[in-house]
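# sequence first, then the predicted structure:
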Amino acid sequence: MTEITFYQCFQTNILNGTKTITIRDASEKDFAIGSIVDVFTYEQHQWFAKIKILAITPISYHQLNDTHASQENMTLPELKQVIRDIYPNTDQLYVIHYQLVNEEERCRQ
Ligand SMILES: CC(=O)Nc1ccn([C@H]2C[C@H](O)[C@@H](CO)O2)c(=O)n1
């Protein structure tokens, strides 16, 4: 997997570094650790960043906590609502930890 999409409303937080995880279902759990992935908006498929995949850890919906919320730059109730809106029937989820790749780091690849 070499690309990932995010809803446009999260673009600013990804680019300013306040959102450092994303929580996805099994269909998006197979990124290689250490790989650099192109990031597009979900709505327009517009490229806006590269991220490096740092870790992917399984988690159930009920294990989501304040640390995850803070890493998403949300409150826990907001995060749980977002997850339920996107994945209404899924309990098994995956936390994808990533870091934004800057120009310099890209040139070293
Ligand atoms: C297609 C699809 O599912 N796209 C997604 C899924 C999740 N996100 C965001 C929403 C939250 O901030 C976290 C947790 O899932 O990731 C997204 O932007 N796009």
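Thanks, I have the structure now.
# what's the longest strand anywhere in the chain packed up against?
If you go by DSSP state E, the chain has its longest strand at strand 47-60. With contacts taken as 3 or more Cβ pairs under 8 Å, 6 or more residues apart in numbering; DSSP states H and E, strand 47-60 sits against helix 11-15, strand 36-41, strand 92-100. Where you see a C-beta, it was placed from the backbone N, CA and C, and this is true even at glycine.
# can it be found next to the ligand?
No: against the ligand, strand 47-60 shows no contacts by Cβ under 6 Å from any ligand atom, the least distance being 11.0 Å.
# pretty sure residue 5 contacts residue 40?
Yes: Residue 5 is within contact range of residue 40, at 5.0 Å (criterion: Cβ atoms under 8 Å).
# wasn't residue 34 part of a strand?
No: applying DSSP: H, G, I helix; E, B strand; the rest coil, one finds residue 34 to be coil, outside a strand.
# name whatever forms a beta bridge with residue 94.
Beta-bridge pairing for residue 94 (DSSP bridges): residue 24, residue 58.
# next one: it from residue 30, what distance?
Shown here: residue 94 relative to residue 30, a distance of 9 Å by Cβ to Cβ, to the nearest Å.
# between those two, which one's more packed in?
residue 94 (18 against 9; other Cβ atoms under 10 Å).
# give the contact list for the spatially most central residue of the chain.
Nearest to the mean C-alpha position of the chain, by Cα atoms, centre = their mean, lies residue 22 at 2.5 Å. By Cβ atoms under 8 Å, 6 or more residues apart in numbering, the residues touching residue 22 are 4, 6, 72, 95, 96, 98.
# residue 87 now?
Counting by Cβ under 8 Å, 6+ apart, residue 87 has contacts 25, 61, 93.
# one more pass at 10 Å, please.
If you count contacts by Cβ atoms under 10 Å, 6 or more residues apart in numbering, residue 87 has them with 23, 24, 25, 61, 93.
# out of those, which touch the ligand?
When Cβ under 6 Å from any ligand atom is applied, the members of the contacts of residue 87 adjacent to the ligand are 23, 24.
# most neighbours, which of the contacts of residue 87?
Ranked by neighbour count (other Cβ under 10 Å), the contacts of residue 87 have residue 93 at the top, with 23 neighbours.
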